[in-house]
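Undergrad: below: sequence and its predicted model.
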Amino acid sequence: MQQNDYYISKKTELLKNFKEFAQRIKVFLTAEYGEEFSKEVIAEMITDYENIIPEIPYIGGEDNPMTQNLLSSINYLIVYGVLKRNDKNLEKIGNICYKQENEFLKTHNDEIFPITHPDARDLLKYLAEQSGAYPEDFVYEIVEGEGFDVGLDFTQCAICKFFHKKNADEFLPYLCAMDIPMSEYGNLGLHRTKTLSDGFNVCDFRYKAGRNTSVASKVIKR
């Protein structure tokens, strides 16, 4: 299969998953903008999602677990794009998306990858060695040190690159902030001081099970 056919071959599954996501976020859209507007933009979002499928960058498909991270981010890219097109405020868009992700993770914390578990170590090492195999891929390495269970430094982000291509850089800080509830509900103890989306040359993820989450964010105040 040609790389650019990967997502097209999964179109039915991807659309099904997106429609389920759209129904979840509709609750928050309705609370902010009302039922009629929410119904209209959900229809726009489904159309936009179907159109973007052939453009999603191939980073290894099912052989790369980070493909799921990329796909999840595109759900929010679609929400952002449609609401901006309808002249909605960035901060409100970001907060709606953050609330949706927070609610989903709170009720689906069993789906959060247990990155601090000792058994995850070998897999993380293998994935880090394989990262960057494709031009639009994530690139990251494992960092050793004291005071944390797992350290990862990302120097290239498939999500940032695709959002930049779609002129959606301003939304990235809200997307990055979604690592806060992921850490909290997954008991991952993430500390992060900088991100590529904020203009730094690295995203410095440091995980330690059981400690309080501390993630620098310009958009989500806690």
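TA: The structure has been received and is ready for your questions.

Undergrad: I figured residue 147 hits residue 208, correct?
TA: Yes - using C-beta atoms under 8 Å, residue 147 is in contact with residue 208, at 7.0 Å. C-betas here are computed from N, CA, C, even on glycine.

Undergrad: more neighbours, those two?
TA: Comparing residue 147 with residue 208 by other C-beta atoms under 10 Å, the one with more neighbours is residue 208, at 16 against 9.

Undergrad: skipping adjacent residues, who's closest to the more buried one in space?
TA: Nearest non-adjacent residue to residue 208, counting by C-beta to C-beta, 6 or more residues apart in numbering: residue 189, 4.1 Å away.

Undergrad: repeat for residue 54
TA: residue 8 (5.7 Å).

Undergrad: roughly how far does the residue nearest to residue 208 sit from residue 110?
TA: To residue 110, residue 189 is 18 Å away according to C-beta to C-beta, to the nearest Å.

Undergrad: more neighbours, those two?
TA: residue 189 (20 against 8).

Undergrad: residues in contact with the more buried one?
TA: 116, 148, 149, 183, 207, 208, 209, 210, 211, 212, 213 (C-beta atoms under 8 Å, 6 or more residues apart in numbering).

Undergrad: by neighbours, which of those residues wins?
TA: Most surrounded of the contacts of residue 189: other C-beta under 10 Å gives residue 183, at 25 neighbours.

Undergrad: so that residue sits in a strand?
TA: No - with DSSP: H, G, I helix; E, B strand; the rest coil as the criterion, residue 183 is located in helix rather than a strand.

Undergrad: which residues touch the residue nearest to it when sequence neighbours are not counted?
TA: Leaving out its chain neighbours, the residue that sits closest to residue 183 by C-beta to C-beta, 6+ apart is residue 190, at 3.6 Å. Counting by C-beta under 8 Å, 6+ apart, residue 190 touches 179, 180, 182, 183, 205, 206, 207, 213, 214, 215.

Undergrad: what sits against the fifth one?
TA: When contacts are counted by C-beta under 8 Å, 6+ apart, residue 205 is found next to 150, 151, 152, 153, 154, 179, 190, 192.

Undergrad: for the nearest residue to the first one once chain neighbours are set aside, give me phi and psi.
TA: Using C-beta to C-beta, 6+ apart and skipping the chain neighbours, the partner closest in space to residue 150 is residue 207 (4.5 Å). Summarising the backbone geometry of residue 207 under the convention degrees, to the nearest 10, its torsions are phi -110, psi 140.

Undergrad: okay, residue 207: pLDDT?
TA: As predicted, residue 207 sits at a pLDDT of 98.

Undergrad: so how far is residue 20 from it?
TA: Distance from residue 207 to residue 20, by C-beta to C-beta: 29 Å.

Undergrad: still on that earlier bit, the residue nearest to residue 208 and residue 204, how far apart?
TA: Distance from residue 189 to residue 204, by C-beta to C-beta: 14 Å.

Undergrad: who's in contact with the helix or strand hosting residue 91?
TA: Applying DSSP states H and E as the criterion places residue 91 in helix 90-107. By C-beta under 8 Å, 6+ apart, the residues outside helix 90-107 that reach it are 24-25, 27-29, 32, 76, 79-80, 83-84, 112, 170-171, 173-175, 177-178, 181-182, 185-186, 219-220.

Undergrad: ok, now how distant is residue 5 from residue 138?
TA: For residue 5, the distance to residue 138 - C-beta to C-beta - is 22 Å.
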